[in-house]
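> Structure here, sequence nowhere to be found:
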């Protein structure tokens, strides 16, 4: 069974708009990570948020974590065509392995 | 640094054939992983290794074997390929995941395997 589940499964927006993706999980975690995968490529790490953090920023990325609701969100501001990719959340519990969700496919239209 | 490399990039097998996928990393990472990615399924962990000479089963280990004879290499073997093993295989590595360390995973470019 998968720990993380992204929502929505697919998202299509216009260039310049903001994109928000959500991730829900079932058990306690030590940190949660977001990854991007361009078509035909491996995953690339975007940002990590620890369980005692509520929000982190990295460039145009903003990640929030609500451990009481067991959920996280990834916001990409001022989206660009190059942001078109699949985005995955991965939950991490020390002593256990990463668990990846099925991903959100983001399409940014020029 | 090359990061994580995988060979081959593509392969077509017939049912029953065997093959080995090679993963190499030059970041001196202790942890290495093999995942498979199928449409709509995200990544599923096949096997992993927490150090040279060690291996452990992941979520979907059946039909696969692995070896970690050298710290920088992690091999994934298919002894008798089946059509259900048609997938994209990713190798990843990370530093120690225990308390406090920044433990992102670094991924290779993937191997696309088709079993006929």
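Cool, the structure landed. Owing to the predicted nature of the structure, the values given are computational and were not obtained by experimental measurement.
> quick one, strands of chain B?
B:4-7, B:10-13, B:19-25, B:31-38, B:42-49, B:56-57, B:64-67, B:73-78, B:87-94, B:106-107, B:111-115 (DSSP state E).
> now the angle from the fifth one to strand B:73-78?
Interaxial angle, strand B:42-49 versus strand B:73-78 (axes from the mean of the first three to the mean of the last three CA atoms, to 10 degrees): 120 degrees.
> From the rest of the structure, what touches strand B:42-49?
A:2, A:4, A:43, A:88, A:97-98, A:100-103, B:31-38, B:55-61, B:64-66, B:68, B:74, B:76, B:89-90 (CB atoms under 8 Å, 6 or more residues apart in numbering or on different chains). The C-beta positions use only the backbone N, C-alpha and C, and glycine is treated the same way.
> how about a markdown table for the strands of chain B, with mean pLDDT and mean neighbour count added?
Formatted as a markdown table, the strands of chain B follow (pLDDT from 0 to 100; neighbours: other CB atoms under 10 Å in any protein chain shown):
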| stretch | mean pLDDT | mean neighbour count |
| --- | --- | --- |
| strand B:4-7 | 97 | 18 |
| strand B:10-13 | 96 | 14 |
| strand B:19-25 | 97 | 19 |
| strand B:31-38 | 94 | 24 |
| strand B:42-49 | 92 | 22 |
| strand B:56-57 | 94 | 12 |
| strand B:64-67 | 97 | 18 |
| strand B:73-78 | 98 | 20 |
| strand B:87-94 | 95 | 24 |
| strand B:106-107 | 94 | 21 |
| strand B:111-115 | 97 | 18 |
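> which one of those strands lies closest to residue A:22?
Taking CB to CB, strand B:42-49 is the member of those nearest to residue A:22, at 14.9 Å.
> Work out the gap between that closest one and the centre of the chain.
Centroid displacement of strand B:42-49 relative to its chain, using CA atoms, centre = their mean, to the nearest Å, is 7 Å.
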